[in-house]
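Student: Sequence plus the predicted model coming up.
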Amino acid sequence: MENNQLISKELNDSFDQTIALIQDLSDIQVNRKPDEHSWSIGQVVEHILICSTGIPDRSTEPTDRAFDELVPAINGIFLDFSTKFDANPALQPRKDAYIAEDLIQQLKDRKTKLILKIKDKNLRLLCKDTEFPQLGYLTGFEWLTVISSHTKRHNSQIERTKALLEGIAEQ
């Protein structure tokens, strides 16, 4: 289960970074958009929460490829900040107003739930419930890498949004 510990640490660090980025923000700051076409920090956090409910592993099977073979491709997709993606409508935030403390608690709860859920799970199996666009079926380990890398991507977005909002406030 060494791999489970590795991905648990990745998830823990990603979520802790999100929490650290928003822990000193007021509700007003969490809800303010830098422009009309951007998400607020609260909406970014809700999107992270929507996308990190778990892995599609009701139906699994062994695979003959390495359990982490697609990790470089996953990281290449999510950690390439020069590429912008439009979120699937089902994964878009649903609210316009958030309470910062509630978001922090939801992030803590989600992190704990994910880490506990995978503690003794075989993450080397191929998850057959859902294919990842362009890559196909992923192992449990790779799906958790998606969650971690996706969260890191949005942590960068939160950092940029905070900087934009600070610039607007200074004007």
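Tutor: Arrived safely, thanks for sending.

Student: tell me the contacts of the spatially most central residue of the chain?
Tutor: When CA atoms, centre = their mean is applied to the chain, the residue found nearest the centroid is Thr151 (2.9 Å). Contact analysis of Thr151 by CB atoms under 8 Å, 6 or more residues apart in numbering lists Leu11, Ser14, Phe15, Gln17, Thr18, Ile48, Ser52. Every residue, glycine included, has its C-beta placed from N, CA and C.

Student: could you redo the last one with a cut-off of 6 Å?
Tutor: Neighbour list for Thr151: Ser14, Ile48 [criterion: CB atoms under 6 Å, 6 or more residues apart in numbering].

Student: what about it, distance to Leu144?
Tutor: Separation of Thr151 from Leu144 (CB to CB, to the nearest Å) stands at 11 Å.

Student: same deal with Leu79?
Tutor: Per CB to CB, Leu79 is found 15 Å from Leu144.

Student: the more surrounded of these two?
Tutor: Taking neighbours as other CB atoms under 10 Å, Leu79 and Leu144 compare with Leu144 leading, 28 against 13.

Student: secondary structure element for that one?
Tutor: Element membership for Leu144, per DSSP states H and E: helix 140-170.

Student: List the buried residues of that helix.
Tutor: 140-155, 157-158, 161-162, 165 (16 or more other CB atoms under 10 Å).
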